[in-house]
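**Student:** I'll drop the sequence and a predicted model, then ask my questions.
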Amino acid sequence: MVASVNSVYQLVMRRSAKEENGFISPEDFNSYARSNQQKLFQSIYAEYRQYLANKQRYLTTWKGNYNSLEAILDDLLPLRRNRVSLTSSTSTNIFQYPSDYAYFVDLEYNSKSVTSVDVSNRAYYVDSYDAPPSATEAVFIRDYISIEVLPTTATSTVTLSYFKLPQGTTTAGAPSTSYPTWGYTAVSGKSVYNSSTSIDFELPAQLEYRLATMILQDVGIEIREAELFQMANVQEQKETQDIN
């Protein structure tokens, strides 16, 4: 499950009202929701990279938000894309990144992982007579604009695994290129949640409290996740009692 934009909105509004911090408009909330989803993604990915670096150096002490690499990957999983076919706008061995690309994971050619080489060594691989790149021993060079695969005959069957930029999910659960939006209908001067015009987050549901905390901090309200958790439980119990 992904983080519900309405759940995060309600957490933020309840705490804001408790702090008497003033009215947060839906438009302001939507702006905070988009920017903080991006910030949280970058924060989790930074921990992922640091965790890998520590593991390579056999360092076991870790003071981040996670106690295992698996836990980090679970939170990044909705943003992982595996073996996405790349296309070349020039029908050559130079390929464009997907429009939602954020961070590199792996590149394959003919279903085999390809070795990355530095652009400064390009001439060596292009002109090599001893061990030139081949269909079975390909290499690639990448920059911020494109990816070049060698040999030059590698014009298709190139796939990229990567982490995408976080966007949104429709309330029906379908991926969306839109960003988190708390949609509403004005009823008697009040904003009432409208699921049909809302877009949920793309990050997983277990991050709702962190998202709410970050948004509240942008508003200027300091809060611990434990407080949000308690607030959510109280509200859930109240709603259950109202139903019964």
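**Tutor:** Cool, the structure landed. Residues are numbered from 1 along each chain as shown.
**Student:** Just the CA trace of whichever strand in the chain runs longest, in PDB.
**Tutor:** Longest strand of the chain, by residue count under DSSP state E: strand 101-109. The C-alpha atoms that make up strand 101-109 are tabulated as PDB, following Å, rounded to 0.1, in the frame of the first residue of the first chain:
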ATOM      1  CA  TYR A 101      14.800   8.600 -14.000                       C
ATOM      2  CA  ALA A 102      16.500   9.400 -10.700                       C
ATOM      3  CA  TYR A 103      19.300   7.000  -9.800                       C
ATOM      4  CA  PHE A 104      21.200   4.300 -11.600                       C
ATOM      5  CA  VAL A 105      21.000   0.600 -10.600                       C
ATOM      6  CA  ASP A 106      22.200  -1.500 -13.500                       C
ATOM      7  CA  LEU A 107      22.400  -1.700 -17.300                       C
ATOM      8  CA  GLU A 108      22.000  -4.800 -19.500                       C
ATOM      9  CA  TYR A 109      22.600  -5.600 -23.100                       C
END
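**Student:** ranges for the helices of this protein?
**Tutor:** Using DSSP state H, the helices of the chain run over residues 5-18, 26-56, 69-76, 122-127, 208-219, 225-243.
**Student:** Just the buried positions in the longest one, please.
**Tutor:** It refers to helix 26-56. 26, 29-30, 32-34, 36-38, 40-41, 44-45, 47-48, 51 (16 or more other CB atoms under 10 Å). All C-beta atoms are positioned from the backbone trio N, CA, C, and that covers glycine.
**Student:** sorry, back to before: could you provide the helices of the chain in a markdown table, with additional columns for mean pLDDT and distance to F140?
**Tutor:** Shown next, in a markdown table, are the helices of the chain (pLDDT from 0 to 100; distance: least, CB to CB, whole Å):
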| stretch | mean pLDDT | distance to F140 |
| --- | --- | --- |
| helix 5-18 | 90 | 38 |
| helix 26-56 | 93 | 20 |
| helix 69-76 | 93 | 23 |
| helix 122-127 | 84 | 10 |
| helix 208-219 | 92 | 35 |
| helix 225-243 | 51 | 41 |
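**Student:** can you redo those as TSV with distance to I94?
**Tutor:** Formatted as TSV, those follow (distance: least, CB to CB, whole Å):
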stretch	distance to I94
helix 5-18	39
helix 26-56	26
helix 69-76	28
helix 122-127	12
helix 208-219	38
helix 225-243	46
